[in-house]
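# Task: produce atomic coordinates for the following.
(one chain, ligands or ions: 1)
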Amino acid sequence: MQRRTFKYRLYPTHEQAGTLEHQLSEARSLYNAALQERRDAWRMQRVNLNYYDQANQLKEIRDAGNLDLANFSACQDVLRRVDKTFKAFFRRIKAGEIAGYPRFKSRDRYDSFAFPAWGDGCHLTDTGRVYAQGVGSIKLKMHRPLAGEIKTLTLKREAGKWYACFSVVVGIPVQIPPPGAIGIDVGLYSFAALSDGQLIPNPRNLKTGLGRLRRCQRKVARRQKGGSGRRKAVRLLQKAHTHIRNQRSDFHHKLSQHLANTYGLIAVEDLNIKGLSRGMLARSVNDAGWGSFLAKLAYKAEEAGGELVRVNPNRTSQVCSQCGCLPDVPKSLADRIHSCSCGLVIDRDVNAARNILRLGLSLATVTWGNAPSVVAEAVCFS
Ligand SMILES: [Zn+2]
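From the prediction side, this is the model:
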C-alpha cells in the first residue's frame, strides 16, 4: 500500500475565493494563537503543552464565536501541525542541532488547510465538483483520473491560485522486476551519473527559469516594504518559483519512470548519512531536487516490481571502481576525471556511480548475480 497525492486546480467563484481566503486566514489565526499559548506556557510556567491540552479547548473557543474555520477536524489538523513543529523543535534540541524556535506564520507563509478525514466536511459531488464545508461546491479540473482510496483533502493556495490535493492509498499489483541493475550518483556538473557511463544533464529549461527567478528576486528586493509594487513583485516571484518547481517535477517524473522501467535494482546514496567529505556545498543545486527525485524513484521502482537500495556514500567518490584502491592524493572537487594507476580513466561521477552499484548489489535482497548494467538507449530527458 502506498500513499499518493493527486493535485487538481480549483476554479472557485469570486465569492468562494473570498471564503477560501477567510477560512485560510482563520486557520492561520488558530495556528498562531496555539503557538503563542505554547510559548507563554513554557516561558511563564515551564509547562510543555501537548496536542490534547490544546484540542480540548477547541469546542469552547468555537462556541464563543472566536473561530470561524468551519470544519472541526480541520481545526484539529491545525493544532496537529503546531504539535508537529514543536516535536521537531525539541528533537533538534535533543540532537544538538541548530534548533530554530517555531515561528509565527505570516499571511504569505501559511498557504493551506486540510480536512484530515475524507467524508467529514468534504466530498466529491455528482457533478464532479469538490464540496468543502464552509466554502461550498467548488469547480475543479480533473486533468487525470483520481485512483485509489481518498484519505484526506488539502486546499492549497499557490501564487494566487487554489488547488485541491487528495491524499490517497493505492494497492500495488505484484510485478516481475525488469532485468538489469544500475548505480546512480548525484552529479557535480550534471544532474546524475549512471554506472553504465551515461551522464544525465540538468534540464536546459531549468537554467532559463533560474535566470528569471533571480531577476524577480532583485525586483522584490528593490521595492519598498509594505508597498503595492512589492506585493505584485512577490506574486511574480511566486509564479517563477512554481514554474521551476513544475519543470523540475516533470523532469524527475520522466527520468525516474524510465529508470524504474529499465532496471530492477537501483542503487543510490543514502541521503541520511551525512558527510562533508563529498563536498556538499558544490552539489547544493542538485541536492535541492535530489530528495524529491528519490521519493518518486522509490515508489516507481516498487510499482515496477524493482528495488531501490540506499548505500553509505562514504568514500564512493574516491575509491577506484576497478581495483578498489584509494588514491594517494584525494580527488578535489575540481578533479572531474577519475584516473587510477590500474589504468582506469573515467568521469569521477561515473566512477562513484559504479561504486554505488557494487555496494547496492551486495545489499540487495534478491541476488542479481553480477548483473551487467544494461546499456540503455540514449534518451533525452531535457
Ligand atoms: Zn584502480
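
# Enumerate the residues of the stretch 51-200 of the chain near the ion.
Proximity of the stretch 51-200 of the chain to the ion, by C-beta under 5 Å from the ion, involves no residues. C-beta: built from backbone N, CA, C; applies to glycine.

# just the strands in the stretch 51-200 of the chain please.
Secondary structure of the stretch 51-200 of the chain (DSSP state E, counting those that start in this stretch): strands at 112-115, 122-124, 130-132, 136-141, 149-158, 161-170, 181-186, 192-194, 199-200.

# Next, the buried residues of the fifth one.
Taking 16 or more other C-beta atoms under 10 Å as the basis for neighbour counts, the residues of strand 149-158 that come out buried are I150, T152, L153, T154, L155, K156, R157, E158.

# still on that earlier bit, could the strands of the stretch 51-200 of the chain go into JSON lines alongside mean pLDDT?
JSON lines is the format used below for the strands of the stretch 51-200 of the chain (pLDDT from 0 to 100):
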{"stretch": "strand 112-115", "mean pLDDT": "96"}
{"stretch": "strand 122-124", "mean pLDDT": "95"}
{"stretch": "strand 130-132", "mean pLDDT": "96"}
{"stretch": "strand 136-141", "mean pLDDT": "95"}
{"stretch": "strand 149-158", "mean pLDDT": "95"}
{"stretch": "strand 161-170", "mean pLDDT": "93"}
{"stretch": "strand 181-186", "mean pLDDT": "91"}
{"stretch": "strand 192-194", "mean pLDDT": "92"}
{"stretch": "strand 199-200", "mean pLDDT": "91"}
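
# Could you identify which of these is most buried?
For the strands of the stretch 51-200 of the chain, the largest average neighbour count (mean count of other C-beta atoms under 10 Å) is found in strand 181-186, namely a mean of 27.

# Output it as PDB, restricted to C-alpha atoms.
Output of strand 181-186 as PDB, limited to C-alpha atoms (Å, rounded to 0.1, in the frame of the first residue of the first chain):
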ATOM      1  CA  ALA A 181      20.900  -3.100 -12.200                       C
ATOM      2  CA  ILE A 182      22.200   0.400 -12.100                       C
ATOM      3  CA  GLY A 183      24.000   2.700  -9.700                       C
ATOM      4  CA  ILE A 184      23.200   6.500  -9.700                       C
ATOM      5  CA  ASP A 185      25.300   9.300  -8.300                       C
ATOM      6  CA  VAL A 186      24.300  12.900  -7.800                       C
END
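
# which helices and strands does that strand pack with?
Packed against strand 181-186 by the contact rule (3 or more C-beta pairs under 8 Å, 6 or more residues apart in numbering; DSSP states H and E) you find strand 192-194, helix 228-262, strand 265-269, helix 284-303, helix 348-363.

# between the ones you listed, which one is nearest to A64?
Within these, the stretch nearest A64 is helix 228-262; the backing value is 33.5 Å (C-beta to C-beta).

# Reformat the buried residues of strand 149-158 into a markdown table and put distance to Y11 next to each item.
A markdown table is the format used below for these (distance: C-beta to C-beta, whole Å):
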| residue | distance to Y11 |
| --- | --- |
| I150 | 20 |
| T152 | 21 |
| L153 | 16 |
| T154 | 17 |
| L155 | 13 |
| K156 | 14 |
| R157 | 14 |
| E158 | 14 |
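
# of these, closest to the ion?
Relative to the ion, the closest of the buried residues of strand 149-158 is E158; by C-beta to the ion it sits at 49.4 Å.

# What separation do you get for D126 and S137?
10 Å (C-beta to C-beta, to the nearest Å).

# Tell me how many other residues crowd S292.
Neighbours of S292 under the rule other C-beta atoms under 10 Å: 14.

# Against H241, how distant is it?
Look at S292 and H241: by C-beta to C-beta, they are 14 Å apart.

# One more: S256?
22 Å.

# quick one: which of the two has more around it?
Counting neighbours by other C-beta under 10 Å for S256 and for H241 shows that S256 has the greater number, 22 against 16.

# The more buried one against S292, yeah?
No - with contact defined as C-beta atoms under 8 Å, S256 does not count as touching S292 (9.9 Å).

# Tell me which residues touch the spatially most central residue of the chain, please.
Centroid-nearest residue in the chain: S292, 4.5 Å away (criterion: C-alpha atoms, centre = their mean). S292 sits next to R248, S249, H252 when contact means C-beta atoms under 8 Å, 6 or more residues apart in numbering.
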